[in-house]
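K.L.:
Give me coordinates for this.
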Amino acid sequence: MSVGTERLSAPDPGAEGTDQTGQYLTFRLADEIYGVDILKVQEIRSWDCVTPLPNTCKAVLGVLNLRGTIIPIVDLRRHFDLPEGETGPTTVIVVVKVRQPRERVMGLLVDAVSDVHTLGEEHLRSAPAVGHLAEQNLVGLAEVDGTMITLLDIDALLNSGDLSPEPVGTA
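P.N.:
Take a look at the predicted model:
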């Protein structure tokens, strides 16, 4: 496991005083590395078959019974429009606790878990201006040992579009 020594400080330009410090769990999707705030991670589970649900968006594989709680499983490859991948021995479900507008638990299907990084300011790069939705779903980018890590805002990502718990257009 690779660990730095400083903490990440990346204020959100729209919210004064917002602090994005902390450790990040990194995982692999296709040939890219992504990271989520470790405080959002509830557990990491080995891949298990899910129960499909009708009429859900393409990224939702179905649901899984997690000790009596039914949680939706989101295939991040599908959500990011990446090529389909095969599940293998390193494929896992990262169970995350999402907040805003209401707290809920969801699972993220990823190719493999990599490391936990404590990132310092020297690692952080601003996300490029490539689109309103892309910028909303990113905390930023980090560079660690020559590898670029895309840091995801998991609350924004899993509460947007088809994954939102509230129907679009309702108040």
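K.L.:
Tell me which helix or strand in the protein has the weakest average pLDDT.
P.N.:
Sorting the helices and strands of the chain by mean pLDDT, DSSP states H and E puts helix 132-136 at the bottom, at a mean of 57.
K.L.:
And the strands in the chain?
P.N.:
Taking DSSP state E as the test, the strands found in the chain are 23-29, 32-37, 41-46, 60-66, 69-75, 92-98, 104-110, 112-118, 124-125, 138-144, 147-152.
K.L.:
which of the ones you listed has the lowest average pLDDT?
P.N.:
Looking at the strands of the chain, the lowest mean pLDDT belongs to strand 124-125 (a mean of 80).
K.L.:
Return the residues in contact with Ile71.
P.N.:
By Cβ atoms under 8 Å, 6 or more residues apart in numbering, Ile71 lies in contact with Val63, Leu64, Val95, Val105, Met106, Gly107. Just so you know, the C-beta spots here come from the backbone N, C-alpha and C atoms, and that holds for glycine as well.
K.L.:
ok so, going back, please render the strands of the chain as CSV that adds distance to Pro83 to the earlier fields.
P.N.:
Converted to CSV, the strands of the chain look like this (distance: least, Cβ to Cβ, whole Å):
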stretch, distance to Pro83
strand 23-29, 10
strand 32-37, 12
strand 41-46, 23
strand 60-66, 16
strand 69-75, 12
strand 92-98, 19
strand 104-110, 14
strand 112-118, 16
strand 124-125, 26
strand 138-144, 21
strand 147-152, 17
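K.L.:
And those strands: which comes nearest Leu158?
P.N.:
Nearest of those to Leu158, taken as Cβ to Cβ: strand 92-98 at 4.8 Å.
K.L.:
quick revisit: quick one: which of the strands of the chain is nearest Leu82?
P.N.:
strand 23-29 (6.1 Å).
K.L.:
can you state the direction angle for that closest one and strand 69-75?
P.N.:
Strand 23-29 and strand 69-75 are oriented at 60 degrees to each other (axes from the mean of the first three to the mean of the last three Cα atoms, to 10 degrees).
K.L.:
Paired strands for strand 23-29, with orientation please.
P.N.:
Here strand 23-29 is paired, per DSSP bridges, with strand 32-37 (antiparallel), strand 112-118 (antiparallel).
K.L.:
For the first one, which outside residues touch it?
P.N.:
I take that to be strand 32-37. 20, 22-28, 76, 94, 96, 110, 114, 117, 139, 142, 147-152, 154.
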